[in-house]
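A.B. asks: sequence and computational prediction follow.
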Amino acid sequence: MELTKKEIFHKLWPFFTYKLLKGACFITSITFFLFFNEKGIDFFKASTFLSLLFLLPVFFEIITGGIADTLGRKFSVLVGIAGEMIIISGIIISSNYFLLLFLFALWGIFTTFSSGADDAWAIELIPKEHQDKIIDYYYSLSSSLYSLGMILAGVLSSLFLTFYTDRSIWLIRLFFVITILVVLSFTKENFIKEKHNASGLKIFFSNLRNGFSHFLKNNNTFYIILGEFFATIALVGIGSVALQKYSLQAGLLENNWGYIYSLSATAGIFIPLLAMRLSRKFLNQKTYLIIVFALQIVLYLLASVLLNPFFAAILIFLHNTFEDAFNPVNSSFFQKEIPANIRATLSSLRSTMLGLSAFIGTITSGYFANAFTGQITIGFFAILFIPAILSYTKIKAPTSQN
């Protein structure tokens, strides 16, 4: 007997609330540099904070994923959120650069406690016989709610900056984080610790070993992560420095960027739901993802030869919406390939690779955009979708997708 959407929502509403508020936490990103400028910290120093948030998870994702598979997903997620709450409080009251650097380094580590473990916690609440179909619903609705949260972040940011200060923005984020902590604290978990004589440390290393073994021996898992690696380098490389430099060179006024962002975030509410339906009803998830990559190559190669404000606006919108069309389907595709007992470990391995590829994309984009034009930089990154496509062609689609 299939679960109704009402029954699914009843089981998973804390995680849907979590996704909505995580999107709303984007509120601090909108005026990130202005906030630290008021503290007397220049743009370069403030950028080092972001680099730590980006790089530190690469070294801790797998370890904390193993902890989640050993001690429980709820324990791991709550530790990560509680750590974020304490760190944000410190960021709000501190103006010392080195103390802030330390706080952001800690933040980068604490984010790894919840990444991967949060989805693993939610998915394990779904009865196994229903997981195949409900995972698609979970990821598509989660993505839509995250986009709704980002729209809320933009509206609240504008309203509070009109009447208050940049500090109020961080206080709002602190409120969101506290709300998440309270909601998830009262959420149950289906994690069952295996009964055996091995110590927790042995279980931890056993999960790590099994996770790496599955990654290396299971071709589908390997090629999904490899394809994502190249695609993420391209997406982050284009979406960071390259896209902004291109927009400036195209003559798109900076005060119009926010409107385009809001429009794409609004579309992001509906696109994941449409993407999941298309990937299941008319194609299969593997074929759908390859088509999305191919369309992005066409878009970014067009950008390498066209330069005008109208196309720049289209480019920003489509770049953001392509991510919404790709991420939920790909995450669902990945989750169907991995065993439950090492789900968090493999999710963290995936997050590690994504963090590393995002770091490479950002650094490379900064170098190319500084040395060349935005068009050349975007054209370069468009080529990286080719190895992503080749990786996905080697994936054997899950039985449910054939």
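C.D. replies: That came through fine. Residues are numbered from 1 along each chain as shown.

A.B. asks: look up how far Pro272 lies from Glu323.
C.D. replies: Distance of Glu323 to Pro272, given as C-beta to C-beta, to the nearest Å: 10 Å. Where you see a C-beta, it was placed from the backbone N, CA and C, and this is true even at glycine.

A.B. asks: give me the more crowded residue out of these two.
C.D. replies: Pro272 (27 against 21; other C-beta atoms under 10 Å).

A.B. asks: element containing that one, please.
C.D. replies: Taking DSSP states H and E as the criterion, the element that holds Pro272 is helix 257-281.

A.B. asks: quick one: buried residues of that helix?
C.D. replies: 257, 260-261, 263-265, 267-269, 271-273, 275-276, 278-280 (16 or more other C-beta atoms under 10 Å).

A.B. asks: give me the distance from the helix or strand following that helix to the chain's centre.
C.D. replies: The first helix or strand that comes after helix 257-281 along the chain, using DSSP H and E, is helix 285-303. Distance of helix 285-303 from the chain centroid (C-alpha atoms, centre = their mean, to the nearest Å) equals 20 Å.

A.B. asks: other SSEs contacting helix 285-303?
C.D. replies: The contact analysis (3 or more C-beta pairs under 8 Å, 6 or more residues apart in numbering; DSSP states H and E) places helix 285-303 against helix 219-237, helix 257-281, helix 309-335, helix 374-383, helix 385-393.

A.B. asks: centre of the chain to whatever helix or strand comes next after the longest one, how far?
C.D. replies: Counting by DSSP H and E, the element after helix 309-335 in chain order, helix or strand, is helix 343-371. Using C-alpha atoms, centre = their mean, we find the averaged C-alpha position of helix 343-371 to lie 11 Å away from the chain's own average C-alpha position.

A.B. asks: now helix 343-371: average pLDDT?
C.D. replies: Averaging pLDDT along helix 343-371 yields 76.

A.B. asks: number the residues from 52 up from this point.
C.D. replies: Okay, residue one is now 52; in that scheme the one you just asked about reads as helix 394-422.

A.B. asks: buried stuff in it?
C.D. replies: Applying 16+ other C-beta under 10 Å to helix 394-422 flags 394-410, 412-417, 419-420 as buried.

A.B. asks: helix/strand/coil for Val356?
C.D. replies: Of the three states, Val356 takes coil under DSSP: H, G, I helix; E, B strand; the rest coil.

A.B. asks: let me see the contact set for the closest residue to it other than its chain neighbours.
C.D. replies: Nearest residue to Val356, sequence neighbours excluded (C-beta to C-beta, 6 or more residues apart in numbering): Gln426, at 7.4 Å. Contacts for Gln426 (C-beta atoms under 8 Å, 6 or more residues apart in numbering) come out as Tyr297, Gln300, Ala354, Ser355, Val356, Leu358.

A.B. asks: now Gln426: how far from Phe105?
C.D. replies: Distance, Gln426 to Phe105, by C-beta to C-beta: 25 Å.

A.B. asks: including distance to Ile92 and mean pLDDT, could the helices and strands packed on helix 336-354 go into JSON lines?
C.D. replies: Formatted as JSON lines, these follow (distance: least, C-beta to C-beta, whole Å; pLDDT from 0 to 100):
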{"stretch": "helix 270-288", "distance to Ile92": "24", "mean pLDDT": "85"}
{"stretch": "helix 308-332", "distance to Ile92": "23", "mean pLDDT": "78"}
{"stretch": "helix 360-386", "distance to Ile92": "28", "mean pLDDT": "83"}
{"stretch": "helix 425-434", "distance to Ile92": "27", "mean pLDDT": "92"}
{"stretch": "helix 436-444", "distance to Ile92": "37", "mean pLDDT": "92"}
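
A.B. asks: can you add distance to Ala204 and give those helices back as a markdown table?
C.D. replies: Output for the helices and strands packed on helix 336-354, formatted as a markdown table (distance: least, C-beta to C-beta, whole Å):
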| stretch | distance to Ala204 |
| --- | --- |
| helix 270-288 | 20 |
| helix 308-332 | 9 |
| helix 360-386 | 14 |
| helix 425-434 | 26 |
| helix 436-444 | 29 |
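
A.B. asks: pull the residues that contact stretch 349-368.
C.D. replies: Residues from elsewhere that reach stretch 349-368, judged by C-beta under 8 Å, 6+ apart: 285, 289, 294, 297-298, 300-304, 307-308, 311-312, 314-315, 318, 369-370, 373, 426-427, 429-430, 432-433, 436.

A.B. asks: mind redoing it with 10 Å?
C.D. replies: 285-286, 289-290, 293-295, 297-304, 307-308, 310-312, 314-315, 318, 369-370, 373, 424-436 (C-beta atoms under 10 Å, 6 or more residues apart in numbering).

A.B. asks: which residues in the stretch 152-301 of the chain form helices?
C.D. replies: 168-175, 182-214, 217-236, 251-268, 270-288, 294-301 (DSSP state H, counting those that start in this stretch).

A.B. asks: and Val130, which of those helices is closest to it?
C.D. replies: Across those, Val130 has its closest neighbour in helix 168-175 (9.4 Å, C-beta to C-beta).

A.B. asks: which other helices and strands contact that closest one?
C.D. replies: helix 56-75, helix 94-122, helix 124-144, helix 182-214, helix 217-236, helix 360-386, helix 394-422 (3 or more C-beta pairs under 10 Å, 6 or more residues apart in numbering; DSSP states H and E).
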